[in-house]
Structures are given as structure tokens and as C-alpha cells.
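A.B. asks: Next one to model:
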Amino acid sequence: MVLAEFLDQWNDDKAPCMLVHTSGSTGKPKPLWVEKRRMEASARATCQYLGLKAGNTALLCMPLDYIAGKMMVVRSLVANLQLVVVEPDGHPLKDLETDIDFAAMVPLQVYNSLQVPAERQRLMRIKHLIIGGSAIDEALAKELRAFPHAVWSTYGMTETLSHIALRRLNGQAASQWYTPLPGVKVSLNDKGCLVIDAPHLCEGLLETNDIATIKHIKMAKQEDDLQHNDEPKQAFRILGRLDNVLVSGGIKIQIEEVERALHQHLSVPYRIVKCHDQKFGEVVGLQFVPLSAENAESETAMVKQICQKVLPKYWQPKAYFPVKEIERTATGKIKRG
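C.D. replies: Predicted coordinates for the structure are as follows:
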């Protein structure tokens, strides 16, 4: 979809809904009809939270086929932002000369931009950078901590019309905990998964498959400038997906936690997978992309040695699988299943 096509659909008063598609990280992408009024409500919440003003520049560098790209356009319309459009690309800042006040990217775009000095400088000048679509590993988060302007990790999904919560990655307000946007409340169900109550975004309670923990906090003064009050707030932290839990000999293991523990130690693409085992029921397996297919056997031995050194015994993979690639969705998430 191109911008003109999106605007034609958006401005069609006879069509109160728009068609979007889920990312497909846990299966085939699904079509979803969403109300424009709810998209506007989501856009207003983000713009108000970040303090965006009319005339601020907003960068559209995400595909308009997905909710992340669509919502950048809606935010620009709702808040009268000046939309700067570039082709969706792994290096969205490569030819950009305009200073940007607000941008949304996936981690891969941020990572690529950090590798090129000119693009890194442009990235650092962005006043509010929100990053979503997939998890931000510790190495990338570390690179962003010294950025002079606000960098945020987002939590949300297509069903919530982009993000419903943000957490700072840099500055004195940096945190591992997400703060819900105004109008959003969260709780846990009996499985320990996050439940979202956001009536302005979606009808009824939305039960996710994300295992989480919740606490109440008092906003730090740095964030309080954006919130305009000092009431206690909810905050939550995501541990991983419910369907990414494996049970090995009665011990529950969260796949994402194992992957996070390896981020600083493995330089090759990898993912943790479930393997069936006659004795333990399920065990941890690791798929990785060797640097050289000819040396896959020796690289497997090195990867195994690293895992044995840095992981708890019950997290250590029992099987290693060299593969040609680790498949990802169009928004950068590892494909599961």
C-alpha cells in the first residue's frame, strides 16, 4: 500500500473501518477490521504522552501494510504533524537530510543506522524515537543509553492499534518496566498473562499470551513532566510468550529468557526451539546460522561450549541445529512454530 491509497481509504466517510493485518510472528498473518475512531484515539494518546506539537516532523519509514505504518500517518493527521515519507528500508536514514522530531522503527532499522556514522548522527538527532515490532536485545539497548533525546521501547499489537505502553531506554528515566498510556489499565489472568483494558482502543478485555509481572510505581520527575501528575501508576514487565514456555522434567523454561541470556555471548543469528524428549517431555534446542557451512561442525562445538559456560544447567540446549537462516516476519520478529 502507498500513502495515496491509504489516504483515499482514510478519507472515505462511508467506510468507518480499515483493514489491517497481524504481523504473523506466531502464525499466518490475519486480517482485522479496525474502527478509524479508535485509531484516532490511539494516535491522540501517543501524541499527548510525548508532547508532540503541530508542525513537528514525523518520519514514516514503515510499510503501510501493517498497523505501525498506518498509525504514523494517523498521528500526523490528528496532531497536524509534518509527515516525512521514505521508502521502507533497512537503512531509513541513508538519504534523509530533514531533522526529525518523531520516528518509529523496528530494531533492525535502528541497528543498521547505528553502523553508518552519518546515519548514526541523524538517528541521535531524533527527538522521540519509538522502537517496536520485536524485542530489543541488551547490546542494542546499551548503544542507545547515551542518546541525547528520548528513546522508547513500545509494547502493543495490531489488536491494540499499535502500542499501549512505553518504557524509556535512555536517560535517568530508563527502565525495564513499561508504563501504560493514559486510559489503559492492565492486570494478569490465572495463567499469569497480561490482560489489557483499553475501551477506547478495543471492545472488552484483551487477554494476551504474554507472561508478565505488574507493579505500582510513582512516576520519576523526568517522566512526570510528560504525565502532568504524580499519581501512582501501573507498570509491567514482559517475561515471554505463554506458547514459548517449555516444560523440561517439570521445570518451566521461558524461551525468550534463554535467548536474552545468550544475546551478549553469541554473535551469530539464533533462536531457541522446543524439542520433544522421551525422558524429560521437552528439552531446549538451539538453531543457529554458522558463519561457514563448511565449518558447521566446529562452530556447533563452540556454540555448545558458550551455552554450557553462560547458561544454568537446566537451560542448556540438549540439541544444536545449524540452519541456513533464522526466519523473521516483515516487522522483524522471529517466526515461531
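A.B. asks: residue ranges with poor pLDDT in this protein?
C.D. replies: When the per-residue scores of the chain are filtered using pLDDT under 70, the ranges that remain are 23-28, 218-232, 330-332, 337.
A.B. asks: 50 - rerun?
C.D. replies: Along the chain, segments meeting pLDDT under 50 span 222-230.
A.B. asks: For it, which residue occupies the most central location?
C.D. replies: Nearest to the mean C-alpha position of the chain, by Cα atoms, centre = their mean, lies Gly132 at 2.9 Å.
A.B. asks: Give me the distance between Arg145 and Lys127.
C.D. replies: Shown here: Arg145 relative to Lys127, a distance of 17 Å by Cβ to Cβ, to the nearest Å. Quick note: C-beta positions are derived from backbone N, CA and C, even for glycine.
A.B. asks: my bad, Asp277
C.D. replies: The value you get for Asp277 to Lys127, if Cβ to Cβ is used, is 51 Å.
A.B. asks: sorry, back to before: higher neighbour count, Arg145 and Lys127?
C.D. replies: A direct count of neighbours by other Cβ atoms under 10 Å for Arg145 and Lys127 places Lys127 higher, at 17 against 12.
A.B. asks: The more buried one is in contact with Leu81, isn't it?
C.D. replies: No - applying Cβ atoms under 8 Å, one finds Lys127 not in contact with Leu81, separated by 11.8 Å.
A.B. asks: Give me the common contacts of the two.
C.D. replies: Taking Cβ atoms under 8 Å, 6 or more residues apart in numbering as the contact definition, Lys127 and Leu81 share the neighbouring residues 56, 101-102.
A.B. asks: Any chance of JSON lines for those residues, columns neighbour count?
C.D. replies: Conversion of the shared contacts of Lys127 and Leu81 to JSON lines gives the following (neighbours: other Cβ atoms under 10 Å):
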{"residue": "Asn56", "neighbour count": "20"}
{"residue": "Asp101", "neighbour count": "21"}
{"residue": "Phe102", "neighbour count": "25"}
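A.B. asks: and which of those is nearest Arg168?
C.D. replies: The shortest separation between Arg168 and any of those is 15.2 Å, and it belongs to Phe102 (by Cβ to Cβ).
A.B. asks: how about the CA coordinates for the helix or strand hosting Val20, as CSV?
C.D. replies: Assignment of secondary structure by DSSP states H and E places Val20 within strand 17-21. Written as CSV, here are the backbone C-alpha positions of strand 17-21 (Å, rounded to 0.1, in the frame of the first residue of the first chain):
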residue,chain,number,x,y,z
CYS,A,17,-13.3,0.8,9.4
MET,A,18,-9.9,-0.1,7.8
LEU,A,19,-8.4,-3.5,7.0
VAL,A,20,-5.1,-4.3,8.8
HIS,A,21,-3.1,-7.5,9.1
